[in-house]
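> Let me see the structure of the following:
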Amino acid sequence: MAVTIAQLAEIEEEEEPRWGGSVVGHRTVPRDRFNGYRMLYADYFADEPVYGDDVFRRWFRMPKAMFIDICHGVAESIPYFQRTSNAAGLPGFSTIQKVTTAIRKLAYGGSADRLDKYIRMGESTILETVSKFTRTIVEKYGHIYLRQPNAQDIARLLHIAKEQGFPGMLGSIDCMHWEWEKCPTALHGQYRGHHKIPTIILEAVASADLWIWHTFFGNARVVQQYKRASPITCVRQHI
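Below you'll find the predicted structure:
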């Protein structure tokens, strides 16, 4: 791996781009993407990484094994997540750089270009990566994780809940406020309650194994009406 990184870095430093971009006047920023790859690899993926598995789980919100499985999965699904050469003939970003960018953006939010200094990736590429990542995840794993519970799932969930002292419960329901940063000014009154900023409410139902079976976004009034009309209401009665 070290030899490969050194070779790629040498190619980027010595080879001059054959053209300066397709847009007249466009300036290409030499971000040194391989330095970003070296830092990322040394921090988390080397044989003796700087940060251990406990730090990886806290910062990436998942175990390292799951992250690597996702990398393999998205790389097998579409060529975008495979390392390829760009229009100038230089190797592009690695799979772990793109997946790290997407997961960090989804997990922590914030402006897209704040990842530039560490991953060495521009804002437009970051936004493109997040879009392709989310679509690929839905296409690849949607039939497993974005489905309604079947008879076997319901029987298993009821059995687990009964053993925990909650007979008849499918899962635990909870709600939280998410800040709506781009809320139109005309809607501030509808989406601002005891919080001083506009928020929307996320309602979620999860089982004991942290499998999320139900999610719903809306304001407080819509969520209350939805609960009264939804079969999920029966879950709350057993909590």
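> Can you show me the helices along this structure?
Using DSSP state H, the helices found in the chain span residues 2-14, 33-40, 53-60, 64-77, 95-108, 116-119, 123-145, 151-163, 188-191, 220-229, 233-236.
> can I get those in JSON lines with distance to residue 200?
C-betas here are computed from N, CA, C, even on glycine. Converted to JSON lines, the helices of the chain look like this (distance: least, Cβ to Cβ, whole Å):
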{"stretch": "helix 2-14", "distance to residue 200": "44"}
{"stretch": "helix 33-40", "distance to residue 200": "33"}
{"stretch": "helix 53-60", "distance to residue 200": "26"}
{"stretch": "helix 64-77", "distance to residue 200": "27"}
{"stretch": "helix 95-108", "distance to residue 200": "17"}
{"stretch": "helix 116-119", "distance to residue 200": "29"}
{"stretch": "helix 123-145", "distance to residue 200": "19"}
{"stretch": "helix 151-163", "distance to residue 200": "27"}
{"stretch": "helix 188-191", "distance to residue 200": "6"}
{"stretch": "helix 220-229", "distance to residue 200": "9"}
{"stretch": "helix 233-236", "distance to residue 200": "20"}
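> closest to residue 47 out of those?
Closest to residue 47 of the helices of the chain, according to Cβ to Cβ: helix 2-14, at 10.5 Å.
> Which residues in stretch 80-92 does the neighbour count mark as buried?
Judged by neighbour count using 16 or more other Cβ atoms under 10 Å, the buried positions of stretch 80-92 are 80, 81, 83, 91.
> ugh, wrong one, stretch 205-215
Buried residues in stretch 205-215 (16+ other Cβ under 10 Å): 205, 207, 213, 214.
> Just the C-alphas of it, formatted as CSV.
The C-alpha trace of stretch 205-215 is given here as CSV (Å, rounded to 0.1, in the frame of the first residue of the first chain):
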residue,chain,number,x,y,z
VAL,A,205,-39.6,3.8,16.1
ALA,A,206,-36.7,1.4,16.7
SER,A,207,-36.5,-2.1,18.0
ALA,A,208,-34.0,-3.3,20.7
ASP,A,209,-31.4,-4.1,18.0
LEU,A,210,-31.5,-0.4,16.9
TRP,A,211,-33.3,-1.4,13.6
ILE,A,212,-35.4,1.7,12.7
TRP,A,213,-38.8,0.5,11.4
HIS,A,214,-40.6,3.8,11.1
THR,A,215,-39.6,7.5,10.6
